Structure formats: C-alpha cells, structure tokens
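A.B. asks: Using only what follows, build the 3D model:
(2 chains)
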Amino acid sequence: MATGIKDKVVILGMGCSKFGEHWDKNAEHLMVDAFEEAVKDAGIERNQIEAAWFGTAIEEQHVGKSGVPLAMTLRLPYIPVTRVENYCATGTEAFRGAVYAVASGAVDIALALGVEKLKDTGYGGLPQRGRGALQNMTWANISAPGSFAQLAAAYRAKHRVNKEDLKRAMAHISVKSHDNGAKNPKAHLRNRITEETVLNAPMIAEPLGLYDCCGVSDGSAAAIVTTPEIARSLGKKDLVGVKALQLAVSNGQEVQYDQWDGSYFATTRAAAARAYKEAGIADPRKQISMFEVHDCFSVTELVTMEDLGISPEGKAINDVLDGFYDSAGKVPCQIDGGLKCFGHPIGASGLRMLYEMYLQLIGRAGERQRSSPVFGMTHNLGGFPSQNVSSVTIVGAYGA
Amino acid sequence: MANDIGLLSFGAYIPRARLQRKVIADANAWFAPALRGLGRGERAMANWDEDAITMAVEAARDCLSGIERTSIGALTLASTTHPFDDRQNAAIVATALNLNPALRSMDVGGSLRAATSALTAAIDAAAGGTTTLLAAGEHRLAKAASTQEMQYGDGAAALLVGRGQPVARLLAAHTETIDFVHQFRGRDRAHDYAWEERWIRDEGYMKIVPAAVSATLKAAGVEAGAIDHFCMPCTLARVTPALAKRIGIPEAAVRDNLAAVCGDTGAAHPLVMLAAALEDAKPGQRILVAAFGEGCDALLFEVTDALPRLAARRGVKGALARRKEETQYQRFLAFNDHVNLERGMRAEVDKGTPLTVLYRNRDMIEGLVGGRCRSCGTFQYPRARYCVNPACNALDSQDPQPFSDLSGKVMSYTADVLTYCPDPPAYYGMIQFDQGGRMMADFTDIDGSKLEVGLPMRMMFRIKEVDPSRGFVRYFWKAAPADN
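C.D. replies: Numbering: from 1, shown residues only, chains lettered A, B, ... in the order given. Predicted structure coming up:
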C-alpha cells in the first residue's frame, strides 16, 4: 500500500538566478548561477550528487534536447541526467523526479534544475510554435493569453459576474504581485503599479490586458534533495520536508466531452484533493501558510484559488478584493512576485516557486518574511484551460 | 429533351463583407478620378479565409439542404480562380461535403462560360442517369483602381442536376463557340486584361448572344416573348435590356444582375443569377440563362410544381441579407495581397503541411468528421480509439459522425491581438454542439460586440493556413454566428 511522499525527502539546498531579460547571458550562465547557490546552500560537493533531473520546456530556443546540456554545463561526473518537459509544470516535474529517486532509496542526493531562455525570439510573449503535425491542422489559432482569457468568459457566464467586477479583481491580483515583486531583488519586474494602470493597459486577448499577463523571462532555479537523515548528518537543522507531490493531466474530457463548463481547472481540483490527502491537510484555507500559484494570467490565479479549495467557488473575487491573498493578508499568494513579476522562464518556474517557500520556511525571505509559516503550497498549470498539466506541491516544516 | 431532366435543387453563397464602392473611388480619386462614376453600391468581398473552393462548398451545402447526398454521382467545380493548378479542386469540395468516393469529379475553368458549359454537360450526364452536383465559385483579383475592381464581386452558386422531379426542367440549350476575346488572363497572371467596352458591346454581346439564344428558343419551340426570367451577367451598362429588346424578350423579364449589391461573380455569376431567379419564379415560368465568353451558352428552363416543395434554404436572398458593410479599402487590398503588410515575426512560422498526415486524417480535417460511440452514443470530435465518455471509454467503438451541419453554441471565447491573424483580432473559443461534442475552434465572420457565451454558431468551410513558401492552401472548419 502506497504511503505517499510525506516527509520522506527534504530539501538540502536551493538556488535561483535573478530572473529577467538577460541579454548578456546564455541559458548555461543562468544554470550555473542557480546551481552554485544551491550546492553551496546544501553544503556538498558536486560529486556527491548521484542523479539529476533537468527541466526545460522550449529547448529549441536555447539548449537543445536531452540531459546533456545540464551534464556539460555543470560538469557532472557521468551520472544519470534525465531531461523532462511537461508544459509549465516542467520545473516541478524535474523536482518530482529527484524527490522520487531519493524516496525510492535508489540514490541519497539528487538534483533538480530548471531553466528557460526565452528572450532570444525577437518579440514579446512566448515563442510562436507548432502543435504537432496533426494538431496544427485543427487547433484554433491560440495564443497563451487567448486560451486563458476564455476562462474569464466562461467564469462570468457561470457565476453571473459582470465584466467590470471581474476586471477589477483581476487588476487587484496584478497590483498585489507588483507590490510583492518590488520587494524581491531577484524578481524580473520590480515596479509598483496601480489599478488604473492595469485597467487602462492595451488589450492582449479580451479581457486580458497587458498587466493581466505575466512576464516572459530568462532564468534558472535548482533544488538539491536528500533524506532527512542525511540532511541532519550534514548539519541541517530546520528541515523543509516534501509533504505532497501531485500531478493531474487532462485526458480530453474538458476539450471533447460535454461536462466541463470552461470556468475552472478540472486537473487542479483533482491534483489538489490528492495533495491534501497526501500531506494530511484537512482545512487548507486555515492550514496552508502561503501559496505560489501559477499566475500566468490574473484570471488564472483567481480561478485557481477556488480550484485549490481556498476560496469558495464563485467567490474568489471577494477574497481577492478583501486582501486575503495580499502579502499582509491572511494567506499571501505570490509573495515573491509570482510569475507576474518574478517572471516565468517556463522550465524554472516550478522550482522558483519552491525556492520562495523554502526561503520563507527557513526564515531567509528578508523583507518578504512571514512569521512562522508551516506549510507552503506551489501550483503549476501548463498548457490551456481545456487541456493541461496541473501540478501541486506542498512543502513544510519537517514533522509538521 | 425528356420531361424529367433538369435542376433538382439550387443554392448560393455570397461572402458577408460588402465593400462600399465609394471607398474604392475615394481612395483612388487622385489617380483615377473617372472611377467616381462607378462609385455606387457595394461589391461582395471574400474574407481572408475564403476562396473559390470554400465559397463553392458553402453554396453546395445550401443546395443540398434537405437532399440525400448519396444520390450524387458526379461533382463539377467551375471557376476561373481554382486555388490549385494541379490537384483537383473538386476533390476538396467532395471531401468537405463528405460525398461518397465513388464519384465522378472534375474541375472546369478557362472561361466565364465554365459553369454554364458544365451545366450543359451535367444535363447530358443526367440523360445517362448520373446526378451531378455543379458548384461554381469565384474569387477574382483585380488591379487597384481598375474598373474590374469596382465591377467584380466574390461569390458562388450550386445546382443539383439530374433526372427525377426537377424544380426546373430543361427545355433546350445551345452553345456558340467563337474566339471573341473581350478579356483574358494569361498563364501565371493574377489579373484580367480587357479590351474596349464599345467593341465588346457591339461586336460581342449584341451579335453572339442573339445567335445562341435564338437557336435555343427555336430548339425549344418557345417564343422570346414567353420568357419570364432572363439571366445574363454583363458588367456593361444597358447591354442586357438592349439585347432583350433585340431578341424580343419582355423588358420585365430582364433579371437584375446584382451589380449594386454583389458585383459580377465571374464564372459563378450565371448560376448566381439563375438561383436568384428560382427564388422568385413560379411553376410554369420560363427562365433563360445566357453566359458570354468566347462565344455564348444559352439554356432554357421551365419551372415545375416541384419548386415550391423544395426545402428552405438561404439562397441568394439569404446570402445577401447576411451582410456587413466594409468601409476599409485597405483591408480589401491586404486580403487580396495588394499591399505588403508588416505581418510581424509571429507570422513567420512554417506553415508546411505533411501530406501523409492530411491524407490519413482527411475526413477529420476537410470533412469535420468526428465519432459517435456505438456503446454510449456520445458525439465526439475528433474520433479517437477510446470513447471520451469517462463512464464508457470503449475501444474502437465509434462510427464516423459528420459535425459540419450540427448546430452549436459558444461556450467560451476571446478576441486575441497577440497571435498572428490576417484580420486581427483572432476570435476563437470552445463550441459546444447541441447534440453533444465540442471543439476549440477558430471563429470567422464575427462582430466582436455581439460575441457572448451561448451565441448560436454554425460551422463553415474555410482556409486554415496559406503556406506561401510552397503554394499550398490548407482548409478546415470554423465557427460563424448562426444567424448572421
């Protein structure tokens, strides 16, 4: 009988490059930035790493395929390196591989590193790319903002929310993340904005304006994981344990079957339910101390907070406007600036979210530090509302 | 001619945008002030994702309203603007219409008589027992500031020709073939080159048409005065009434050539005018169709009692009523590749089509055929090996289910200005079909202000991608508002 991942693996060290438009750096530079910080934080030598998982999603824009770019860049000593890709859950997928390797007992210490170098396309936004030989022929002419914008249309229709109220809540989400990003020296966007700025911004995909969209950035993040015993033997005290690692992947029901109404993420609901069970969390609204969710677009964050069971369905607008998710609110969301402002180098994002949870849990979050957080939850949503990969990770004080 | 041979059904399609001729005249007044005299009314303008094939498909769908498609034994696509020189254009229409592959098919082109000549051939085939679906679509280009730009319109019509209970039976037909070149378009040329109008009128229309019409009337034993509807496309002013007078056809029988509301749809226009006549005609009336071009085709029909019993269709009237005024001449120029727009890097994506994939999935892509599960009845698109219903998931349980004629509603939508679209914003969203099944679809012919969740939609056959580096055009289906 499977017992889940709870507290079988702890984080030994983490690292994260500054995110942003690194015109002067290749992906390899950023990978080294993240790795150097992580390996020093872990207090180990690179030769102690026995296996590595490498996450990158749009590899054709930078490093190319396979695990080789990671092994070459970090000069890893002929160890197994697995390259993973699972849309925007790629970074989390790398982490999952490393954690499972340690939990299985196959290795003692494993590395997860994610990277993306997106600013070499010549234009703003994510790179335009094919969907596969057959899907190219049938898929609508979808961009990322356009696919998520549809959430807003369906959400408004279902919950009878008027356009203006939804836009205002979405604007608050972005204003909040900019406030948070301003306090984070590694964040891509560090300017504060006002609700008016958001509401008056140029439209990207109706109803999402420019400030409803996250930053497209270059960056890398890394985690080194091991068992609680080894971590202690290496002198670590406040251990951050992995409490839950869940992934749910669309099987076509949303996009092809008649039940889903377009207003929520079916995958996130499934992954969250399993994660709470795995972590032994009964009342997430009260028990989770902080969230880093996949705020690729403001409306995604709003809907996600319902799908994670924090805000009641159809009521996230109230929590958002009440400041429940603000940095000084009851349960802060995107305390590091989120995808919105920390930035979104796809393969690194899941690990970047964990980086903030880790810093908060060991009391190293500086200006952003919350008092005594216990559980932190991260969430990625890769793909499109109608067909996607959703990952949910819970970390927390070891033993909690 | 046997009593039971003729037109079994008809349909038409005119694209929704109507370019105001005044904006053409105004934009070109600095260069061609004489165009001002033509700057009245409007011309039908194909959307960026429409061509002779897509419009012919829509006209054919209109024609096949209430008709069993298995009866069709032959398909002809008439046009002077077939998108492909080598690749049968009619075969694309056949796949889009989900016609049985046991089908004679051909493209007919090369002349403004293409459709009427194909109609004559279809009548002959009917005598041999073959029912022919004849579709004609035309999307002619014209140089900026030319009279053709003013006179041409885009559109299509379709006829079902065969034996049975025709709505209009053929009385007689006659063709004169004379190499009178009033205009031509050479190989690899985009535009027509025309000679002086006065010569075309005096030596062309006024001499060649009477010869063909008179021979037809004589063969049928019908007096010219007994004609109720005279359908003859002609962009020259006052020529048709003058011809009618010369031949003896009553002035009241001369049909409007739709110049004010549509423009001349080239090879398709005789059929467009015939379809319009059938919408007005009463049993017993006689319709004369004449098409001029390197001679003249003339066909005489008599409307039967079957006409009022024909299933409802949009026809020319419905297509003309589905109208949106276009006042952006620049958009017309861009759609027809007359300006070199900066389309941005997002437009640079390779649009190549793997032909193996297209062939393997042709019914799914060109025919919009999905599946219907034999175990649980679930409609689904695309047809997959496992049923999508989570309570079923049966293996290999689906029969082909065409979705093209199913009605649906908007479930979610957006207007996207980030993604590359020849006519931004790109509208798309989830379509929920009323009988079940759904798909994320591109939308077309959209009024942004009217788009809302729940809006009724219908599927239309359109261009999905143009691959400029290889000259390929890929087609698919898009959702358009059902009632516009």
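
A.B. asks: Which pLDDT value goes with the residue positioned nearest the centre of chain B?
C.D. replies: Central residue of chain B (CA atoms, centre = their mean): B:Ala156, 2.1 Å from the mean position. As predicted, B:Ala156 sits at a pLDDT of 99.

A.B. asks: Next, it: phi, psi?
C.D. replies: With angles defined as degrees, to the nearest 10, B:Ala156 sits at phi -160, psi 160.

A.B. asks: isn't it right up against B:Ala135?
C.D. replies: Yes: contact criterion CB atoms under 8 Å: B:Ala156 and B:Ala135 qualify, at 6.6 Å. Backbone N, C-alpha and C define where each C-beta goes, glycine included.

A.B. asks: joint contacts of the two?
C.D. replies: B:56, B:59 (CB atoms under 8 Å, 6 or more residues apart in numbering or on different chains).

A.B. asks: give me the element residue 115 is part of.
C.D. replies: I went with chain A, as the question did not name one. Under the criterion of DSSP states H and E, A:Val115 resides in strand A:110-116.

A.B. asks: The intended chain is chain B.
C.D. replies: helix B:114-127.

A.B. asks: Please apply the same query to B:Leu8.
C.D. replies: With DSSP H and E as criterion, B:Leu8 is part of strand B:5-13.

A.B. asks: The helix or strand that comes right after that strand pairs with which strands, parallel or anti?
C.D. replies: On the C-terminal side of strand B:5-13, the nearest following helix or strand under DSSP H and E is strand B:17-20. Strands that pair with strand B:17-20, judged by DSSP bridges, come out as strand B:42-45 (antiparallel), strand B:324-326 (parallel).

A.B. asks: any idea which of the ones you listed is most buried?
C.D. replies: For those, ranked by mean neighbour count under the definition mean count of other CB atoms under 10 Å in any protein chain shown, the leader is strand B:42-45 at a mean of 26.

A.B. asks: Dump the C-alpha coordinates for that one into CSV.
C.D. replies: The C-alpha trace of strand B:42-45 is given here as CSV (Å, rounded to 0.1, in the frame of the first residue of the first chain):
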residue,chain,number,x,y,z
GLU,B,42,-21.3,47.6,-53.0
ARG,B,43,-19.4,44.5,-54.0
ALA,B,44,-19.1,41.2,-52.2
MET,B,45,-15.7,40.7,-50.7
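
A.B. asks: I would like the residues contacting that strand, please.
C.D. replies: Residues outside strand B:42-45 that contact it (CB under 8 Å, 6+ apart) are B:14-15, B:17-21, B:150-155, B:260-263, B:265, B:325-326, B:332, B:335.

A.B. asks: For chain B, just list every one of the helices.
C.D. replies: B:21-28, B:52-63, B:89-96, B:114-127, B:147-151, B:197-199, B:206-220, B:239-247, B:269-280, B:315-321, B:329-335, B:355-360, B:362-365 (DSSP state H).

A.B. asks: thinking again about what came up before, dump the strands paired with strand B:17-20 to JSON lines, plus mean pLDDT and distance to A:Ala316.
C.D. replies: Formatted as JSON lines, the strands paired with strand B:17-20 follow (pLDDT from 0 to 100; distance: least, CB to CB, whole Å):
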{"stretch": "strand B:42-45", "mean pLDDT": "98", "distance to A:Ala316": "45"}
{"stretch": "strand B:324-326", "mean pLDDT": "98", "distance to A:Ala316": "38"}
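
A.B. asks: Pick out the residue of the stretch 1-150 of chain B closest to chain A.
C.D. replies: B:Asp49 (10.5 Å; CB to the nearest CB).

A.B. asks: Next up, phi/psi of that residue, please.
C.D. replies: Here B:Asp49 shows phi and psi, under degrees, to the nearest 10, equal to phi -100, psi 20.

A.B. asks: And chain A, what are its domain boundaries?
C.D. replies: Annotated domains of chain A cover A:10-121+A:218-233, A:143-214+A:240-397 [automatic domain parsing].

A.B. asks: Select, out of those domains, the one closest to chain B.
C.D. replies: Comparing those by CB to the nearest CB, domain A:143-214+A:240-397 comes nearest, at 3.5 Å.

A.B. asks: Quote the end-to-end distance of the closest one.
C.D. replies: Length of domain A:143-214+A:240-397, first residue to last, CA to CA, to the nearest Å: 39 Å.

A.B. asks: a helix runs through A:Ala71, doesn't it?
C.D. replies: Yes: under DSSP: H, G, I helix; E, B strand; the rest coil, A:Ala71 sits within a helix.

A.B. asks: how close does it get to A:Arg96?
C.D. replies: 20 Å (CB to CB, to the nearest Å).

A.B. asks: Same drill for these two, tell me which one is more crowded.
C.D. replies: A:Arg96 (24 against 18; other CB atoms under 10 Å in any protein chain shown).

A.B. asks: Can you read off the pLDDT for that one?
C.D. replies: Per the predicted model, pLDDT is 98 at A:Arg96.

A.B. asks: So what does it have for phi and psi?
C.D. replies: A:Arg96 adopts backbone torsions of phi -60, psi -40, taken as degrees, to the nearest 10.

A.B. asks: Also A:Glu85?
C.D. replies: Per degrees, to the nearest 10, the backbone of A:Glu85 is at phi -150, psi 130.

A.B. asks: what about it, how many neighbours?
C.D. replies: By other CB under 10 Å, the residues close to A:Glu85 number 19.

A.B. asks: Once you drop chain neighbours, what's closest to it?
C.D. replies: A:Ala57 (5.3 Å; CB to CB, 6 or more residues apart in numbering or on different chains).

A.B. asks: where's the one you found, which helix or strand?
C.D. replies: Using DSSP H and E, no helix or strand contains A:Ala57.

A.B. asks: Might you report the residue contacts of it?
C.D. replies: Here A:Ala57 is in contact with A:85, A:87-88, A:90, A:116, A:346-347, A:382 (CB under 8 Å, 6+ apart).

A.B. asks: Find the residue ranges of chain A scoring beneath the pLDDT cut-off.
C.D. replies: Applying pLDDT under 70 to chain A flags no residue at all.

A.B. asks: Spatially central residue in it, please.
C.D. replies: Chain A, centroid-nearest residue using CA atoms, centre = their mean: A:Gly350 at 3.5 Å.

A.B. asks: Downstream of the helix or strand harbouring that residue, the next helix or strand is which one?
C.D. replies: Using DSSP H and E, A:Gly350 maps to helix A:346-361. As assigned by DSSP H and E, the chain's next helix or strand after helix A:346-361 is strand A:375-384.

A.B. asks: Sheet partners, orientation included, of the helix or strand following that next one?
C.D. replies: Per DSSP H and E, strand A:375-384 leads on to strand A:387-397 as the next helix or strand towards the C-terminus. According to DSSP bridges, strand A:387-397 forms sheet pairs with strand A:240-249 (antiparallel), strand A:375-384 (antiparallel).

A.B. asks: Just give me the neighbour total for A:Val99.
C.D. replies: Applying other CB under 10 Å, I find that A:Val99 has 24 neighbouring residues.

A.B. asks: Does it touch A:Ile5 like I think?
C.D. replies: Yes: A:Val99 lies in contact with A:Ile5 (CB under 8 Å); the separation is 6.5 Å.

A.B. asks: Overlap of the contact sets of the two?
C.D. replies: Common contact partners of A:Val99 and A:Ile5 (CB under 8 Å, 6+ apart): A:242, A:245.

A.B. asks: Now do the residue of the stretch 1-150 of chain B closest to chain A against B:Phe335, distance only.
C.D. replies: Distance, B:Asp49 to B:Phe335, using CB to CB: 9 Å.

A.B. asks: Now for the two: what residues contact both?
C.D. replies: In contact with both B:Asp49 and B:Phe335: B:Pro422, using CB under 8 Å, 6+ apart.

A.B. asks: Those residues of the stretch 301-400 of chain A touching chain B, which are they?
C.D. replies: The stretch 301-400 of chain A comes close to chain B at residues A:384-386, as judged by CB under 8 Å from any CB of the partner chain.

A.B. asks: hang on, the earlier thing: make a markdown table from the strands paired with strand B:17-20 and add distance to A:Met14 to it.
C.D. replies: Formatted as a markdown table, the strands paired with strand B:17-20 follow (distance: least, CB to CB, whole Å):
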| stretch | distance to A:Met14 |
| --- | --- |
| strand B:42-45 | 59 |
| strand B:324-326 | 57 |
